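In: test case, fold it:
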Amino acid sequence: MDTSDAADDMTPAPQVWPSLRAREARPLIRFLVEAFGFEETVVYGEGDRVDHAQLSWPPGGGVMLGSAREEDADDDCALAPGSFGAYVVTDDPDALCARAKAAGAEIIRELTDTDYGSRDFAARDPEGNRWFFGTYRGEPRKAGGTA
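Out: Prediction:
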């Protein structure tokens with residue numbers, strides 16, 4: 001796969017982008033930006049409705065979200081609001097936890113040092129989604145482990 005064009009136009013390299021639905025997407029976007037430090041990259045939709053939003057995580061990756069809609073009830077692929085969970089890597093979980101608390105985030109697991117060398121905390125957003133933040137970046141991939 002040729003990715004040379006991606007580097008030229010500042011489009012990020014291929015990554016995993018979790019997605020979620022929200023009952024009140026615009027307030028959730030504001031919360032995720034203020035409490036956790038996501039960057040609002042783009043939001044499409046009119047009024048209170050969000051058809052698509054991209055919130056970028058400064059070190060890389062991010063999340064995509066949109067408003068839950070009545071027609072989602074018949075969609076086997078649509079996530080119910082509040083059913084999302086993600087682990088997000090941060091270099092400074094202490095500062096991020098303090099920021100989240102100051103913005104009113106519900107901390108569901110206080111800062112802790114794990115037995116695998118990470119420093120983590122967990123929070124719940126106003127929609128009920130669970131966010132886990134920590135320093136664990138994963139283990140190196142095995143040689144020859146390409147997709």
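In: okay, now residue 49: neighbour count?
Out: Residue 49 has 12 neighbours, counted by other C-beta atoms under 10 Å. Quick note: C-beta positions are derived from backbone N, CA and C, even for glycine.
In: hmm, it is touching residue 67, no?
Out: Yes: using C-beta atoms under 8 Å, residue 49 is in contact with residue 67, at 5.0 Å.
In: next one: the longest strand seen in the chain to chain centre, how far?
Out: Longest strand of the chain, by residue count under DSSP state E: strand 106-113. Relative to its chain's centre, strand 106-113 lies at 17 Å (C-alpha atoms, centre = their mean, to the nearest Å).
In: which strands or helices does it pack on?
Out: helix 93-102, strand 119-124 (3 or more C-beta pairs under 8 Å, 6 or more residues apart in numbering; DSSP states H and E).
In: paired strands for the shortest one, with orientation please.
Out: Looking back up the chat, that one is strand 119-124. strand 106-113 (antiparallel), strand 130-134 (antiparallel) (DSSP bridges).
In: who are the neighbours in contact with the residue most central in space within the chain?
Out: What sits nearest the mean C-alpha location of the chain, by C-alpha atoms, centre = their mean, is residue 63, with 4.3 Å. Residues in contact with residue 63, defined by C-beta atoms under 8 Å, 6 or more residues apart in numbering, are 17, 18, 19, 20, 32, 38, 54, 55, 57, 86.
In: make JSON lines out of those residues and add secondary structure.
Out: JSON lines is the format used below for the contacts of residue 63 (DSSP: H, G, I helix; E, B strand; the rest coil):
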{"residue": "17", "secondary structure": "coil"}
{"residue": "18", "secondary structure": "coil"}
{"residue": "19", "secondary structure": "strand"}
{"residue": "20", "secondary structure": "strand"}
{"residue": "32", "secondary structure": "helix"}
{"residue": "38", "secondary structure": "coil"}
{"residue": "54", "secondary structure": "strand"}
{"residue": "55", "secondary structure": "strand"}
{"residue": "57", "secondary structure": "coil"}
{"residue": "86", "secondary structure": "strand"}
